[in-house]
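Asker: I'll drop the sequence and a predicted model, then ask my questions.
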Amino acid sequence: MPSIGLFGGTFDPIHSGHLHIARSFADELRLSSVIFLPAGAPYHKTPPHPPAAHRLAMVEIAAQADPRFAVSDCDIVRQGATYTHDTVQIFHQHFPAAEIWLLIGMDSLLQLHTWHRWQNLVRQCRIAAAHRLATSLAQAPAPLQAWLAEALPQGRLHILQAAPLPASSTQIRQQLAASGTSPDLPPTVLAYIRQHHLYHIPPRAR
């Protein structure tokens, strides 16, 4: 049975930390593929953002680094709210024989009970969570505790063992605005950013 990991995010911009975690998910879960899902207009983030088309293009460039990586514009082209529950349903329809894993960070896992139809979501897919600084399962709120107690021993929840890289999209945007470069960006993504004058790169760095 093929196994597919769905890895959503703003990817503003995609960086080496995202790629490291995606590889770690693929390795530990033995995934056939990891599908990156750039978000459309992120309602919960502070503007401005590059248009979704630019973020999608950067993810497509970065995904060439591993043959297990693929990219979908599913969450960009859909109209209205893009709930994760609906995204998982769409991939079940396209890949009915596949096992679907939802790949998220520990911070998102601890907020899972606030997601749209979360109790149905966790029945539709398995979930894998990557460690984030200063977060752990010990902080799980009461609404999640009963599910966690069942999901972990049943293998429906996997906590990634690989440590994250200390890379942050916010910090990278600050580095780009200040110096026009960042050590945490793949060179091909940095070249795209410079070509399209994203993130207010100073003229001397172009």
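Answerer: Cool, the structure landed. Residues are numbered from 1 along each chain as shown.
Asker: Please report how far the closest residue to His116 other than its chain neighbours lies from Trp115.
Answerer: Of all residues not flanking His116 in the chain, Tyr83 sits nearest, at 4.2 Å (Cβ to Cβ, 6 or more residues apart in numbering). All C-beta spots, glycine's among them, are computed from the backbone N, C-alpha and C. Going from Tyr83 to Trp115 by Cβ to Cβ, to the nearest Å gives 8 Å.
Asker: Now for the residue nearest to His116, how many residues are close by?
Answerer: By other Cβ atoms under 10 Å, the residues close to Tyr83 number 16.
Asker: Quick check: it touching Arg117?
Answerer: Yes. Assessed by Cβ atoms under 8 Å, Tyr83 is found in contact with Arg117 at 7.2 Å.
Asker: Now the element after the helix or strand containing Phe25, going C-ward?
Answerer: Element membership for Phe25 (DSSP states H and E) is helix 16-29. Per DSSP H and E, helix 16-29 leads on to strand 33-38 as the next helix or strand towards the C-terminus.
Asker: Report the inter-axis angle for that next one versus helix 16-29.
Answerer: Here strand 33-38 runs at an angle of 150 degrees relative to helix 16-29 (axes from the mean of the first three to the mean of the last three Cα atoms, to 10 degrees).
Asker: that older thread, Provide a list of residues in contact with the residue nearest to His116.
Answerer: Tyr83 makes contact with Trp115, His116, Arg117, according to Cβ atoms under 8 Å, 6 or more residues apart in numbering.
Asker: Next, the contact list for the second one, please.
Answerer: By Cβ under 8 Å, 6+ apart, the contact set of His116 is Ala81, Tyr83, Thr84, His85.
Asker: Now the first one: closest residue in space, sequence neighbours ignored.
Answerer: Using Cβ to Cβ, 6+ apart and skipping residues adjacent in sequence, the residue nearest Ala81 is His116, 7.8 Å away.
Asker: Can you give me every residue that contacts the closest residue in space to Ala162 that isn't next to it in sequence?
Answerer: Using Cβ to Cβ, 6+ apart and skipping the chain neighbours, the partner closest in space to Ala162 is Ser24 (3.6 Å). In this structure, Ser24 makes contact with Ala130, Leu160, Gln161, Ala162, judged by Cβ under 8 Å, 6+ apart.
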